[in-house]
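Enquirer: For reference, the sequence and a predicted model appear below.
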Amino acid sequence: MIRVEQSTNLKAKPPQGELGFGKYFTDHMFMLDYEASQGWHDARIVPYQPLTLDPAAKVFHYGQTIFEGLKAYHGSDGRVRLFRPEANIARMNRSNVRMSVPELDSELFLAALERLIEVDAAWIPSEPGTSLYIRPFVIATQALLGVAPSEQYQFAIIMSPVGAYYPEGINPVRIFVESEHVRASVGGVGEAKTAGNYAATFMSQQTAKESGYTQVMWLDSAQHRYIEEVGSMNVFFCIDGKVCTPALSGSILAGVTRSSIIQLLESWGIEVLERAITIEEVYEAGRAGLLEESFGTGTAAVVSPIGELCWRGEQLLIGDGRTGALSKRLYDTLTGIQYGTVEDRFGWMRET
Ligand code: COI
């Protein structure tokens, strides 16, 4: 049972052409509390509001927190659809287990998403390339400095009408390959969607940005050779007619878009090799003219062509820095399914 408290102070909606990513938030949010004695309880939709937390709350000190990211789309037929929410719910619970957070009830989670979207339906943008980005997250709220899992949590869902994640849109992005610092290590928490994995990338991201790069590509922690992922995306390469992507090693996020792209490619008869890929191999292929395309995938980034890499000072232009045919076809097909203009043969879309 989800209680709803309607906001009496509805906000003005921003112009759809100026949405950007994650700047505006809808009128309501979903909340759920956890106490060890009661489990998850008090499911409610309330006006969007600040959270009041004790300064000793464990999330501030030990980073016990998880988030997710998924989208709802205003279809060309006027219907609203969520893209693969079950996959995000399952991943959130895998992250919860890894970070010692009590698992959420999947049915309640899905019902909360649907009800919140219904309450804030007027916020779902309809212009091409826009969507409603949904950010569920959980934080450890117990005020206790002992280094142990919290006994209290808050789960919340907030929503933001968005346009393209990168200012480049579908145009290729430039990526800096980090050869000194690492994002995650084998056996660590790299595949959990936890805040520290992102904070760990900011220093390199800032440096990369100062040199004109949009994002950082991460290499493995042991040898600094094997490609893992890019800041907010999984990554794919088309080398000599074959598509490959780093295998999920435990330190890479298991992207929902990544798995969808693999399924799409396979449905077109294109084999995808999930394997270890070294940065040397990519550069050798590039120098030999065999690196046809590269692109990143993610909920926020969708399919984002990679036009240039910079590794140890050496620049590598990919596909003349232009959007490749396969990246374009994948982008068009995936977004077509999401907006309801391409048949959803995979059963990915959930009408709300
Ligand atoms: C997403 O694509 O949803 C992400 O989580 C990436 C980033 C915005 C954190």
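Expert: Received the coordinates, thanks.
Enquirer: Can you name the residues of the chain sitting close to the ligand?
Expert: 69, 232, 298-300 (C-beta under 6 Å from any ligand atom). C-beta here means a position set from N, CA and C on the backbone, and glycine is covered the same way.
Enquirer: Those into a markdown table, with extra columns for neighbour count?
Expert: Converted to a markdown table, these look like this (neighbours: other C-beta atoms under 10 Å):
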| residue | neighbour count |
| --- | --- |
| 69 | 17 |
| 232 | 23 |
| 298 | 22 |
| 299 | 21 |
| 300 | 18 |
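Enquirer: ok, so of the residues you listed, who is nearest the ligand?
Expert: Top of the list for closeness to the ligand, among the residues of the chain next to the ligand and by C-beta to the nearest ligand atom, is residue 69 at 2.2 Å.
Enquirer: Would you quantify the distance from that closest one to residue 233?
Expert: 12 Å (C-beta to C-beta, to the nearest Å).
Enquirer: returning to what we had before: out of the residues of the chain next to the ligand, name the ones that lie in strands.
Expert: The strands, defined by DSSP state E, take in residue 298 from the residues of the chain next to the ligand.
Enquirer: which of the residues of the chain next to the ligand has the weakest pLDDT?
Expert: pLDDT across the residues of the chain next to the ligand is lowest for residue 232, at 85.
Enquirer: Now the phi/psi pair for that residue, please.
Expert: When read as degrees, to the nearest 10, the backbone of residue 232 gives phi -120, psi 20.
Enquirer: Next, the contact list for it, please.
Expert: By C-beta atoms under 8 Å, 6 or more residues apart in numbering, the residues touching residue 232 are 165, 215, 296, 298, 300-301.
Enquirer: repeat that with 7 Å
Expert: 165, 215, 298, 300-301 (C-beta atoms under 7 Å, 6 or more residues apart in numbering).
Enquirer: helix or strand for the closest residue to residue 251 other than its chain neighbours, which one?
Expert: Distances taken as C-beta to C-beta, 6 or more residues apart in numbering put residue 190 closest to residue 251, at 3.3 Å, once the chain neighbours are dropped. Under the assignment given by DSSP states H and E, residue 190 is not contained in any helix or strand.
Enquirer: Pull the number of nearby residues for residue 61.
Expert: 13 (other C-beta atoms under 10 Å).
Enquirer: can you map out the helices along the stretch 101-250 of the chain?
Expert: 106-119, 195-199, 202-210 (DSSP state H, counting those that start in this stretch).
Enquirer: Out of those helices, which is the most enclosed?
Expert: helix 106-119 (a mean of 18; mean count of other C-beta atoms under 10 Å).
Enquirer: picking up where we left off before, and of the helices of the stretch 101-250 of the chain, who's closest to residue 146?
Expert: Closest to residue 146 of the helices of the stretch 101-250 of the chain is helix 195-199 (C-beta to C-beta; 19.2 Å).
Enquirer: ok, and what's touching the closest one?
Expert: Where contact means C-beta under 7 Å, 6+ apart, the residues beyond helix 195-199 that reach it are 63, 65, 67, 183-184, 189-190.
Enquirer: Greatest separation within those residues: which pair is it?
Expert: Using C-beta to C-beta for every pair in the contacts of helix 195-199, the one that comes out farthest apart is 65 and 183, at 17.1 Å.
Enquirer: Neighbour count: these two, which is higher?
Expert: More neighbours surround residue 183 than the other of residue 65 and residue 183, with 25 against 21 (other C-beta under 10 Å).
Enquirer: The nearest residue to that one once chain neighbours are set aside: neighbouring residues, count only.
Expert: Nearest residue to residue 183 in three dimensions, chain neighbours excluded: residue 218, at 4.1 Å (C-beta to C-beta, 6+ apart). For residue 218, the count of nearby residues is 28 (other C-beta under 10 Å).
Enquirer: And residue 346, by the same measure?
Expert: Applying other C-beta under 10 Å, I find that residue 346 has 12 neighbouring residues.
Enquirer: Might one say that it is in contact with residue 263?
Expert: Yes. The criterion here is C-beta atoms under 7 Å, and residue 346 meets it with residue 263 at 6.1 Å.
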